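Chemist: Structure, please.
(4 chains)
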Number of protein chains: 2
Amino acid sequence: MGRTGGTRERIVRTSARLLLSRSYGSVSVDDVCTAADVRKGSFYHFFPSKAELAKAVVDLHTEALLDRLSAAPGASAAERLHGVADALGTIQTGFESTFGRVVGCPFGNLAAELSTVDDTLRDHLASAFARWEREFAAICHRAQDDGVLRDGVDPDRLAHSLLAHAQGQILLAKVGGHSAAEVAAMLHDLIDVHLHEGAV
Amino acid sequence: MGRTGGTRERIVRTSARLLLSRSYGSVSVDDVCTAADVRKGSFYHFFPSKAELAKAVVDLHTEALLDRLSAAPGASAAERLHGVADALGTIQTGFESTFGRVVGCPFGNLAAELSTVDDTLRDHLASAFARWEREFAAICHRAQDDGVLRDGVDPDRLAHSLLAHAQGQILLAKVGGHSAAEVAAMLHDLIDVHLHEGAV
DNA sequence: CTGTGCGTTGACCGACCGGTCAACTACGGT
DNA sequence: ACCGTAGTTGACCGGTCGGTCAACGCACAG
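Modeler: Numbering: from 1, shown residues only, chains lettered A, B, ... in the order given. Below is the predicted model of the structure:
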(Lines give C-alpha, C1' and ligand atoms only; values in the text may rest on other atoms or scores of the structure.)
Protein backbone atom coordinates (compact mmCIF):
# COMPACT_ATOMS: atom_id res chain seq x y z
CA MET A 1 0.00 0.00 0.00
CA GLY A 2 1.35 3.38 1.00
CA ARG A 3 4.98 2.34 1.06
CA THR A 4 7.31 4.53 -0.91
CA GLY A 5 9.86 6.95 0.40
CA GLY A 6 7.63 8.05 3.25
CA THR A 7 7.10 11.38 1.58
CA ARG A 8 3.82 12.07 3.29
CA GLU A 9 5.25 11.50 6.72
CA ARG A 10 8.23 13.68 5.92
CA ILE A 11 5.88 16.48 4.91
CA VAL A 12 3.86 16.17 8.10
CA ARG A 13 6.86 16.07 10.42
CA THR A 14 8.53 18.97 8.67
CA SER A 15 5.32 20.97 8.84
CA ALA A 16 4.96 20.23 12.53
CA ARG A 17 8.39 21.72 13.10
CA LEU A 18 7.76 24.78 10.93
CA LEU A 19 4.33 25.44 12.40
CA LEU A 20 5.74 25.38 15.91
CA SER A 21 8.59 27.70 15.09
CA ARG A 22 6.37 30.20 13.32
CA SER A 23 2.62 30.13 12.62
CA TYR A 24 0.13 28.75 10.15
CA GLY A 25 -0.16 32.03 8.30
CA SER A 26 3.55 32.64 8.09
CA VAL A 27 4.46 29.18 6.85
CA SER A 28 3.70 28.77 3.17
CA VAL A 29 3.21 25.53 1.30
CA ASP A 30 6.39 26.45 -0.57
CA ASP A 31 8.24 26.74 2.73
CA VAL A 32 7.10 23.28 3.70
CA CYS A 33 8.03 21.82 0.33
CA THR A 34 11.48 23.34 0.40
CA ALA A 35 12.18 22.22 3.96
CA ALA A 36 10.90 18.72 3.27
CA ASP A 37 12.64 18.55 -0.12
CA VAL A 38 9.39 17.79 -1.89
CA ARG A 39 7.99 19.35 -5.02
CA LYS A 40 4.71 21.14 -4.79
CA GLY A 41 2.90 18.73 -7.06
CA SER A 42 3.80 15.93 -4.67
CA PHE A 43 2.50 17.92 -1.76
CA TYR A 44 -0.87 18.30 -3.42
CA HIS A 45 -0.86 14.64 -4.30
CA PHE A 46 -1.06 13.88 -0.57
CA PHE A 47 -3.01 16.86 0.71
CA PRO A 48 -5.95 18.52 -0.97
CA SER A 49 -5.20 21.79 0.78
CA LYS A 50 -2.98 23.51 3.30
CA ALA A 51 -5.76 23.21 5.88
CA GLU A 52 -5.78 19.43 5.52
CA LEU A 53 -2.08 19.40 6.20
CA ALA A 54 -2.74 21.26 9.43
CA LYS A 55 -5.22 18.57 10.45
CA ALA A 56 -2.63 15.89 9.76
CA VAL A 57 -0.19 17.77 11.97
CA VAL A 58 -2.82 17.92 14.70
CA ASP A 59 -3.28 14.17 14.41
CA LEU A 60 0.44 13.63 14.70
CA HIS A 61 0.65 15.64 17.89
CA THR A 62 -2.49 14.02 19.28
CA GLU A 63 -1.03 10.58 18.86
CA ALA A 64 2.26 11.64 20.44
CA LEU A 65 0.56 13.27 23.40
CA LEU A 66 -1.79 10.40 24.14
CA ASP A 67 1.08 7.95 23.97
CA ARG A 68 3.03 9.97 26.46
CA LEU A 69 0.10 10.38 28.80
CA SER A 70 -0.72 6.69 28.87
CA ALA A 71 2.94 5.88 29.45
CA ALA A 72 3.04 8.19 32.47
CA PRO A 73 3.86 6.32 35.68
CA GLY A 74 2.41 6.92 39.12
CA ALA A 75 0.82 4.45 41.47
CA SER A 76 -1.69 6.69 43.19
CA ALA A 77 -4.15 8.94 41.44
CA ALA A 78 -2.50 11.97 42.99
CA GLU A 79 0.81 10.90 41.55
CA ARG A 80 -0.75 10.34 38.19
CA LEU A 81 -2.24 13.82 38.33
CA HIS A 82 1.20 15.28 38.89
CA GLY A 83 2.42 12.94 36.19
CA VAL A 84 0.23 14.81 33.74
CA ALA A 85 1.91 18.05 34.67
CA ASP A 86 5.27 16.35 34.28
CA ALA A 87 4.36 14.99 30.86
CA LEU A 88 3.27 18.38 29.61
CA GLY A 89 6.38 19.92 31.11
CA THR A 90 8.57 17.37 29.40
CA ILE A 91 6.97 18.02 26.05
CA GLN A 92 7.42 21.76 26.44
CA THR A 93 11.00 21.29 27.58
CA GLY A 94 11.62 19.30 24.43
CA PHE A 95 10.23 22.10 22.26
CA GLU A 96 12.22 24.59 24.27
CA SER A 97 15.50 22.85 23.59
CA THR A 98 14.63 22.32 19.94
CA PHE A 99 13.60 25.88 19.22
CA GLY A 100 15.53 27.78 21.86
CA ARG A 101 12.44 29.04 23.66
CA VAL A 102 8.88 28.14 24.50
CA VAL A 103 6.99 28.22 21.21
CA GLY A 104 3.52 27.37 22.44
CA CYS A 105 1.25 24.38 22.28
CA PRO A 106 0.77 22.88 18.81
CA PHE A 107 -2.96 22.64 19.43
CA GLY A 108 -3.36 25.97 21.15
CA ASN A 109 -1.44 27.85 18.51
CA LEU A 110 -3.57 26.51 15.71
CA ALA A 111 -6.76 26.87 17.73
CA ALA A 112 -6.11 30.52 18.46
CA GLU A 113 -5.18 31.35 14.90
CA LEU A 114 -7.67 29.31 12.94
CA SER A 115 -10.73 28.35 14.91
CA THR A 116 -12.51 31.52 13.82
CA VAL A 117 -11.33 31.05 10.24
CA ASP A 118 -11.83 27.40 9.31
CA ASP A 119 -14.76 25.53 10.80
CA THR A 120 -13.60 22.05 9.89
CA LEU A 121 -10.24 22.72 11.45
CA ARG A 122 -11.91 24.05 14.56
CA ASP A 123 -13.96 20.85 14.80
CA HIS A 124 -10.82 18.82 14.39
CA LEU A 125 -9.07 20.70 17.16
CA ALA A 126 -12.13 20.57 19.38
CA SER A 127 -12.22 16.81 19.24
CA ALA A 128 -8.48 16.62 19.88
CA PHE A 129 -8.96 18.76 22.98
CA ALA A 130 -11.90 16.63 23.99
CA ARG A 131 -9.72 13.54 23.92
CA TRP A 132 -7.16 15.27 26.16
CA GLU A 133 -9.85 16.34 28.51
CA ARG A 134 -11.37 12.86 28.73
CA GLU A 135 -7.95 11.48 29.56
CA PHE A 136 -7.49 14.07 32.29
CA ALA A 137 -11.01 13.53 33.59
CA ALA A 138 -10.43 9.81 34.02
CA ILE A 139 -7.46 10.55 36.26
CA CYS A 140 -9.38 13.21 38.17
CA HIS A 141 -12.20 10.77 38.82
CA ARG A 142 -9.74 8.24 40.15
CA ALA A 143 -8.36 10.94 42.40
CA GLN A 144 -11.84 11.61 43.68
CA ASP A 145 -12.42 7.92 44.32
CA ASP A 146 -9.19 7.87 46.29
CA GLY A 147 -10.52 10.77 48.32
CA VAL A 148 -7.59 13.07 47.63
CA LEU A 149 -9.66 15.78 45.97
CA ARG A 150 -10.67 18.64 48.23
CA ASP A 151 -14.34 18.90 49.14
CA GLY A 152 -16.45 20.58 46.50
CA VAL A 153 -13.96 19.97 43.70
CA ASP A 154 -15.71 18.45 40.70
CA PRO A 155 -13.40 16.10 38.79
CA ASP A 156 -14.74 17.01 35.34
CA ARG A 157 -14.35 20.68 36.01
CA LEU A 158 -10.88 20.08 37.39
CA ALA A 159 -9.94 18.30 34.18
CA HIS A 160 -11.19 21.25 32.18
CA SER A 161 -9.31 23.63 34.46
CA LEU A 162 -6.14 21.67 34.11
CA LEU A 163 -6.37 21.81 30.34
CA ALA A 164 -7.15 25.50 30.34
CA HIS A 165 -4.38 26.21 32.77
CA ALA A 166 -1.86 24.37 30.65
CA GLN A 167 -2.92 26.30 27.57
CA GLY A 168 -2.77 29.61 29.35
CA GLN A 169 0.54 29.02 31.05
CA ILE A 170 2.14 27.87 27.83
CA LEU A 171 0.80 30.88 25.98
CA LEU A 172 2.07 33.28 28.63
CA ALA A 173 5.45 31.58 28.64
CA LYS A 174 5.61 31.90 24.88
CA VAL A 175 4.87 35.61 24.84
CA GLY A 176 6.71 36.41 28.06
CA GLY A 177 9.77 34.35 27.33
CA HIS A 178 9.45 32.18 30.43
CA SER A 179 10.84 28.70 30.68
CA ALA A 180 9.08 25.37 30.30
CA ALA A 181 10.12 24.55 33.85
CA GLU A 182 8.12 27.50 35.18
CA VAL A 183 5.11 26.30 33.23
CA ALA A 184 5.39 22.87 34.81
CA ALA A 185 5.79 24.37 38.28
CA MET A 186 2.62 26.40 37.88
CA LEU A 187 0.74 23.31 36.77
CA HIS A 188 1.91 21.40 39.84
CA ASP A 189 0.73 24.30 41.99
CA LEU A 190 -2.69 24.19 40.40
CA ILE A 191 -3.01 20.50 41.11
CA ASP A 192 -1.85 20.91 44.69
CA VAL A 193 -4.48 23.50 45.59
CA HIS A 194 -7.16 21.08 44.45
CA LEU A 195 -5.85 18.26 46.64
CA HIS A 196 -6.24 17.80 50.37
CA GLU A 197 -3.31 19.00 52.42
CA GLY A 198 -0.80 16.25 52.81
CA ALA A 199 -2.06 14.26 49.87
CA VAL A 200 0.34 12.93 47.20
CA MET B 1 -3.35 68.81 15.90
CA GLY B 2 -4.74 65.45 14.96
CA ARG B 3 -8.25 66.66 14.38
CA THR B 4 -9.79 65.63 11.07
CA GLY B 5 -12.42 63.05 10.45
CA GLY B 6 -10.97 60.65 13.01
CA THR B 7 -9.75 58.38 10.27
CA ARG B 8 -7.04 56.79 12.32
CA GLU B 9 -9.42 55.87 15.10
CA ARG B 10 -11.89 54.45 12.60
CA ILE B 11 -9.15 52.26 11.17
CA VAL B 12 -8.14 50.99 14.59
CA ARG B 13 -11.67 50.24 15.75
CA THR B 14 -12.57 48.54 12.50
CA SER B 15 -9.41 46.47 12.67
CA ALA B 16 -10.15 45.49 16.22
CA ARG B 17 -13.48 44.11 15.07
CA LEU B 18 -12.06 42.30 12.07
CA LEU B 19 -9.14 40.84 14.00
CA LEU B 20 -11.49 39.43 16.61
CA SER B 21 -13.83 37.91 14.08
CA ARG B 22 -11.01 36.34 12.09
CA SER B 23 -7.24 36.44 12.61
CA TYR B 24 -4.26 38.60 11.81
CA GLY B 25 -3.24 36.48 8.87
CA SER B 26 -6.68 36.27 7.37
CA VAL B 27 -7.43 39.98 7.58
CA SER B 28 -5.69 41.93 4.85
CA VAL B 29 -4.93 45.62 4.83
CA ASP B 30 -7.37 45.84 1.94
CA ASP B 31 -10.06 44.23 4.09
CA VAL B 32 -9.48 46.83 6.78
CA CYS B 33 -9.53 49.68 4.30
CA THR B 34 -12.74 48.52 2.69
CA ALA B 35 -14.49 47.98 6.03
CA ALA B 36 -13.33 51.33 7.35
CA ASP B 37 -14.04 53.12 4.05
CA VAL B 38 -10.49 54.37 3.81
CA ARG B 39 -8.14 54.30 0.85
CA LYS B 40 -4.96 52.36 1.20
CA GLY B 41 -2.73 55.40 0.87
CA SER B 42 -4.48 56.92 3.88
CA PHE B 43 -3.93 53.76 5.84
CA TYR B 44 -0.21 53.94 5.22
CA HIS B 45 -0.24 57.61 6.11
CA PHE B 46 -1.15 56.60 9.67
CA PHE B 47 0.56 53.23 9.98
CA PRO B 48 3.98 52.30 8.64
CA SER B 49 3.01 48.64 8.47
CA LYS B 50 0.28 46.14 9.20
CA ALA B 51 2.18 45.07 12.31
CA GLU B 52 2.04 48.60 13.70
CA LEU B 53 -1.70 48.56 13.23
CA ALA B 54 -1.84 45.42 15.34
CA LYS B 55 0.06 47.20 18.09
CA ALA B 56 -2.41 50.07 17.97
CA VAL B 57 -5.24 47.57 18.31
CA VAL B 58 -3.47 46.05 21.31
CA ASP B 59 -3.21 49.51 22.85
CA LEU B 60 -6.90 50.12 22.30
CA HIS B 61 -7.86 46.93 24.08
CA THR B 62 -5.35 47.54 26.85
CA GLU B 63 -6.86 50.90 27.59
CA ALA B 64 -10.37 49.48 27.54
CA LEU B 65 -9.46 46.61 29.82
CA LEU B 66 -7.61 48.69 32.37
CA ASP B 67 -10.48 51.15 32.51
CA ARG B 68 -12.90 48.37 33.18
CA LEU B 69 -10.72 46.78 35.83
CA SER B 70 -10.20 50.00 37.75
CA ALA B 71 -13.92 50.72 37.57
CA ALA B 72 -14.72 47.32 39.10
CA PRO B 73 -16.51 47.65 42.43
CA GLY B 74 -16.07 45.51 45.52
CA ALA B 75 -15.34 46.58 49.04
CA SER B 76 -13.29 43.63 50.22
CA ALA B 77 -10.29 42.22 48.41
CA ALA B 78 -12.11 38.93 47.95
CA GLU B 79 -14.95 40.76 46.27
CA ARG B 80 -12.54 42.63 44.06
CA LEU B 81 -10.94 39.34 43.07
CA HIS B 82 -14.28 38.03 41.95
CA GLY B 83 -14.85 41.38 40.33
CA VAL B 84 -11.94 40.65 38.03
CA ALA B 85 -13.61 37.45 36.92
CA ASP B 86 -16.82 39.38 36.39
CA ALA B 87 -15.07 42.03 34.34
CA LEU B 88 -13.45 39.47 32.08
CA GLY B 89 -16.76 37.65 31.80
CA THR B 90 -18.54 40.83 30.85
CA ILE B 91 -16.02 41.61 28.15
CA GLN B 92 -16.30 38.12 26.71
CA THR B 93 -20.09 38.28 26.88
CA GLY B 94 -19.93 41.50 24.91
CA PHE B 95 -17.80 39.86 22.22
CA GLU B 96 -20.09 36.88 22.27
CA SER B 97 -23.16 38.94 21.52
CA THR B 98 -21.34 40.97 18.89
CA PHE B 99 -19.90 38.04 16.99
CA GLY B 100 -22.37 35.31 17.87
CA ARG B 101 -19.84 33.18 19.70
CA VAL B 102 -16.73 33.38 21.84
CA VAL B 103 -13.98 34.63 19.54
CA GLY B 104 -11.07 34.61 21.94
CA CYS B 105 -9.06 37.21 23.76
CA PRO B 106 -7.72 40.05 21.61
CA PHE B 107 -4.35 39.74 23.29
CA GLY B 108 -4.23 35.97 23.40
CA ASN B 109 -5.19 35.59 19.78
CA LEU B 110 -2.44 37.89 18.59
CA ALA B 111 0.06 36.45 21.05
CA ALA B 112 -0.52 32.91 19.88
CA GLU B 113 -0.34 33.82 16.22
CA LEU B 114 2.45 36.34 16.15
CA SER B 115 4.75 36.11 19.13
CA THR B 116 6.98 33.64 17.32
CA VAL B 117 6.84 35.72 14.15
CA ASP B 118 7.32 39.36 15.09
CA ASP B 119 9.57 40.18 18.02
CA THR B 120 8.49 43.78 18.46
CA LEU B 121 4.87 42.70 18.53
CA ARG B 122 5.69 40.03 21.06
CA ASP B 123 7.36 42.65 23.25
CA HIS B 124 4.33 44.86 22.92
CA LEU B 125 2.01 42.05 23.95
CA ALA B 126 4.31 40.99 26.75
CA SER B 127 4.18 44.42 28.33
CA ALA B 128 0.41 44.56 27.90
CA PHE B 129 0.14 41.24 29.72
CA ALA B 130 2.54 42.49 32.35
CA ARG B 131 0.24 45.44 33.05
CA TRP B 132 -2.73 43.08 33.48
CA GLU B 133 -0.72 40.91 35.76
CA ARG B 134 0.44 43.81 37.90
CA GLU B 135 -3.15 44.91 38.27
CA PHE B 136 -4.18 41.42 39.32
CA ALA B 137 -1.22 41.09 41.65
CA ALA B 138 -2.14 44.28 43.50
CA ILE B 139 -5.56 42.83 44.24
CA CYS B 140 -4.08 39.47 45.24
CA HIS B 141 -1.74 41.19 47.67
CA ARG B 142 -4.62 43.04 49.21
CA ALA B 143 -6.39 39.72 49.55
CA GLN B 144 -3.39 38.31 51.33
CA ASP B 145 -3.26 41.30 53.67
CA ASP B 146 -6.91 40.69 54.45
CA GLY B 147 -6.01 37.12 55.29
CA VAL B 148 -8.47 35.57 52.87
CA LEU B 149 -5.84 33.73 50.83
CA ARG B 150 -5.32 30.11 51.76
CA ASP B 151 -2.05 29.23 53.47
CA GLY B 152 0.82 28.74 51.07
CA VAL B 153 -0.81 30.69 48.27
CA ASP B 154 1.60 33.25 46.85
CA PRO B 155 -0.23 36.35 45.62
CA ASP B 156 2.08 36.96 42.67
CA ARG B 157 1.77 33.41 41.51
CA LEU B 158 -1.97 33.57 41.97
CA ALA B 159 -2.10 36.64 39.74
CA HIS B 160 -0.15 34.79 37.10
CA SER B 161 -2.42 31.78 37.45
CA LEU B 162 -5.49 33.91 37.12
CA LEU B 163 -4.20 35.44 33.92
CA ALA B 164 -3.21 32.06 32.50
CA HIS B 165 -6.50 30.56 33.47
CA ALA B 166 -8.44 33.32 31.78
CA GLN B 167 -6.42 32.87 28.61
CA GLY B 168 -6.84 29.13 28.61
CA GLN B 169 -10.53 29.13 29.39
CA ILE B 170 -11.22 31.70 26.70
CA LEU B 171 -9.23 29.72 24.17
CA LEU B 172 -11.03 26.48 25.02
CA ALA B 173 -14.38 28.24 24.81
CA LYS B 174 -13.44 29.62 21.42
CA VAL B 175 -12.48 26.28 19.97
CA GLY B 176 -15.09 24.25 21.82
CA GLY B 177 -17.96 26.62 21.26
CA HIS B 178 -18.66 27.18 24.94
CA SER B 179 -20.30 30.29 26.31
CA ALA B 180 -18.74 33.30 27.95
CA ALA B 181 -20.80 32.54 31.04
CA GLU B 182 -19.05 29.19 31.43
CA VAL B 183 -15.70 30.92 31.16
CA ALA B 184 -16.65 33.31 33.93
CA ALA B 185 -17.91 30.46 36.12
CA MET B 186 -14.62 28.61 35.77
CA LEU B 187 -12.72 31.73 36.73
CA HIS B 188 -14.82 32.16 39.84
CA ASP B 189 -14.11 28.54 40.73
CA LEU B 190 -10.40 29.11 40.40
CA ILE B 191 -10.54 32.09 42.70
CA ASP B 192 -12.61 30.22 45.26
CA VAL B 193 -10.17 27.33 45.63
CA HIS B 194 -7.46 29.82 46.50
CA LEU B 195 -9.51 31.46 49.22
CA HIS B 196 -10.18 30.22 52.73
CA GLU B 197 -13.48 28.44 53.15
CA GLY B 198 -16.18 30.87 54.01
CA ALA B 199 -14.32 33.89 52.70
CA VAL B 200 -16.13 36.47 50.51
C1' DC C 1 6.34 -7.51 -22.65
C1' DT C 2 2.76 -4.61 -21.49
C1' DG C 3 -0.87 -2.28 -19.00
C1' DT C 4 -2.11 0.12 -14.82
C1' DG C 5 -1.79 3.37 -11.31
C1' DC C 6 0.79 5.63 -7.59
C1' DG C 7 4.10 8.92 -7.03
C1' DT C 8 6.86 12.65 -8.99
C1' DT C 9 8.20 16.66 -11.51
C1' DG C 10 8.46 21.49 -12.91
C1' DA C 11 6.23 24.77 -15.35
C1' DC C 12 2.36 27.48 -14.87
C1' DC C 13 -1.72 30.48 -13.09
C1' DG C 14 -4.66 34.18 -11.44
C1' DA C 15 -5.48 36.33 -7.27
C1' DC C 16 -4.05 38.74 -3.75
C1' DC C 17 -0.61 40.33 -0.61
C1' DG C 18 1.82 44.39 1.83
C1' DG C 19 3.55 48.46 0.46
C1' DT C 20 4.72 52.89 -2.60
C1' DC C 21 4.07 57.16 -4.82
C1' DA C 22 3.07 61.55 -7.10
C1' DA C 23 -0.51 64.42 -7.43
C1' DC C 24 -4.29 66.63 -5.30
C1' DT C 25 -7.34 68.88 -1.61
C1' DA C 26 -8.45 71.58 2.23
C1' DC C 27 -7.45 74.14 6.13
C1' DG C 28 -4.95 77.03 9.76
C1' DG C 29 -1.51 80.46 10.42
C1' DT C 30 0.57 84.76 8.87
C1' DA D 1 -3.60 86.39 -0.71
C1' DC D 2 -0.22 83.11 0.27
C1' DC D 3 2.02 79.13 1.95
C1' DG D 4 3.00 74.96 4.58
C1' DT D 5 1.34 70.91 5.89
C1' DA D 6 -1.74 67.08 7.33
C1' DG D 7 -4.68 64.26 5.03
C1' DT D 8 -6.51 61.98 0.84
C1' DT D 9 -6.72 59.62 -3.46
C1' DG D 10 -6.21 55.98 -6.94
C1' DA D 11 -3.10 54.00 -9.81
C1' DC D 12 0.64 51.11 -9.49
C1' DC D 13 4.30 47.37 -8.17
C1' DG D 14 6.94 43.16 -7.48
C1' DG D 15 6.52 39.25 -4.99
C1' DT D 16 4.26 35.53 -3.10
C1' DC D 17 0.30 32.99 -2.16
C1' DG D 18 -2.48 28.49 -2.57
C1' DG D 19 -3.45 25.62 -6.06
C1' DT D 20 -3.41 23.18 -10.99
C1' DC D 21 -1.86 20.36 -14.65
C1' DA D 22 0.08 17.43 -18.31
C1' DA D 23 3.72 14.71 -18.74
C1' DC D 24 6.77 11.40 -16.93
C1' DG D 25 9.10 7.40 -14.10
C1' DC D 26 8.69 3.27 -12.29
C1' DA D 27 7.26 -0.77 -9.71
C1' DC D 28 4.43 -4.49 -10.04
C1' DA D 29 0.57 -7.57 -11.85
C1' DG D 30 -1.08 -9.98 -15.74
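Chemist: Just give me the neighbour total for the closest residue to residue A:167 other than its chain neighbours.
Modeler: Sequence neighbours aside, residue B:168 is the residue nearest to residue A:167 in space, at 3.8 Å (criterion: CB to CB, 6 or more residues apart in numbering or on different chains). To be clear about C-beta, it is placed using only N, CA and C from the backbone, and glycine gets the same treatment. For residue B:168, the neighbour count with other CB atoms under 10 Å in any protein chain shown is 28.
Chemist: Now do the same contact list for residue B:168.
Modeler: A:163-169, A:171 (CB atoms under 8 Å, 6 or more residues apart in numbering or on different chains).
Chemist: repeat that for 6 Å
Modeler: Residues in contact with residue B:168 (CB atoms under 6 Å, 6 or more residues apart in numbering or on different chains) are A:164-165, A:167-168.
Chemist: Could you let me know which of the residues you listed ends up closest to residue A:122?
Modeler: residue A:167 (15.0 Å; CB to CB).
Chemist: Settle this for me: that closest one is touching residue A:108, isn't it.
Modeler: Yes - the pair residue A:167 and residue A:108 passes the contact test of CB atoms under 6 Å, sitting 4.8 Å apart.
Chemist: okay, those two: which has more neighbours?
Modeler: For residue A:167 versus residue A:108, neighbours defined as other CB under 10 Å are more numerous around residue A:167 (30 against 25).
Chemist: tell me which element the closest residue to chain B within chain A is part of?
Modeler: Going by CB to the nearest CB, chain B is nearest to residue A:25 of chain A, at 2.7 Å. For residue A:25, there is no host helix or strand (DSSP states H and E).
Chemist: For it, grab the count of nearby residues.
Modeler: The burial count for residue A:25: 16, using other CB under 10 Å.
Chemist: what ranges do the helices span in chain A?
Modeler: In chain order, chain A shows helices spanning A:7-21, A:29-36, A:40-46, A:50-70, A:77-99, A:106-114, A:119-145, A:155-176, A:180-194, with DSSP state H as the criterion.
Chemist: is any part of the longest one close to chain B?
Modeler: Pointing back at helix A:119-145 there. Yes - Helix A:119-145 is in contact with chain B by CB under 6 Å from any CB of the partner chain, via A:122, A:125-126.
Chemist: same check, this time on the second one
Modeler: No - using CB under 6 Å from any CB, helix A:29-36 stays clear of chain B, coming no nearer than 12.7 Å.
Chemist: That helix to helix A:50-70, inter-axis angle?
Modeler: The directions of helix A:29-36 and helix A:50-70 differ by 50 degrees, with axes from the mean of the first three to the mean of the last three CA atoms, to 10 degrees as the criterion.
Chemist: Tell me the residues of chain A that contact chain B?
Modeler: Counting by CB under 6 Å from any CB, chain A comes close to chain B at A:22-23, A:25-26, A:103, A:109, A:111-113, A:115-117, A:122, A:125-126, A:164-165, A:167-169, A:171-172, A:174-176, A:193.
Chemist: one step back: mind putting the helices of chain A in CSV, mean pLDDT included?
Modeler: Shown next, in CSV, are these (pLDDT from 0 to 100):
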stretch, mean pLDDT
helix A:7-21, 98
helix A:29-36, 98
helix A:40-46, 98
helix A:50-70, 96
helix A:77-99, 97
helix A:106-114, 98
helix A:119-145, 97
helix A:155-176, 98
helix A:180-194, 98
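Chemist: In contact with residue A:8: list those residues for me.
Modeler: Contacts for residue A:8 (CB under 6 Å, 6+ apart) come out as residue A:46.
Chemist: How many neighbouring residues does residue A:189 have?
Modeler: Residue A:189: 19 surrounding residues under other CB under 10 Å.
Chemist: oh sorry, the question was meant for residue A:49
Modeler: 11.
Chemist: Got the phi and psi for it?
Modeler: Per-residue torsions, residue A:49: phi -160, psi 170 (degrees, to the nearest 10).
Chemist: Please report the distance of it from residue B:57.
Modeler: 29 Å (CB to CB, to the nearest Å).
Chemist: likewise residue A:132?
Modeler: On the measure of CB to CB, residue A:132 and residue B:57 end up 31 Å apart.
Chemist: same question, residue A:24
Modeler: For residue A:24, the distance to residue B:57 equals 20 Å [CB to CB].
Chemist: Quick check, residue A:103 in contact with residue A:95.
Modeler: Yes - Residue A:103 lies in contact with residue A:95 (CB under 6 Å); the separation is 5.5 Å.
Chemist: per-residue pLDDT, residue A:5?
Modeler: If you check residue A:5, the pLDDT there is 79.
Chemist: Might you enumerate the residues of chain A proximal to DNA strand C?
Modeler: Residues of chain A lying near DNA strand C by CB under 7 Å from any atom of the strand: A:2, A:4-5, A:7, A:38-42, A:45.
Chemist: got a markdown table for the residues you listed, with distance to DNA strand D too?
Modeler: Putting those into a markdown table (distance: CB to the nearest atom of the strand, whole Å) gives the following:
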| residue | distance to DNA strand D |
| --- | --- |
| A:2 | 13 |
| A:4 | 9 |
| A:5 | 11 |
| A:7 | 12 |
| A:38 | 11 |
| A:39 | 8 |
| A:40 | 4 |
| A:41 | 3 |
| A:42 | 8 |
| A:45 | 8 |
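Chemist: Looking at those, which is nearest residue A:143?
Modeler: Among the residues of chain A next to DNA strand C, and counting by CB to CB, the member closest to residue A:143 is residue A:2, at 41.6 Å.
Chemist: Neighbour-wise, which one of the residues of chain A next to DNA strand C leads?
Modeler: Within these, residue A:38 tops the neighbour count with 19 neighbours, counted by other CB under 10 Å.
Chemist: show me what contacts that one?
Modeler: Counted by CB under 6 Å, 6+ apart, residue A:38 has contacts A:7, A:11.
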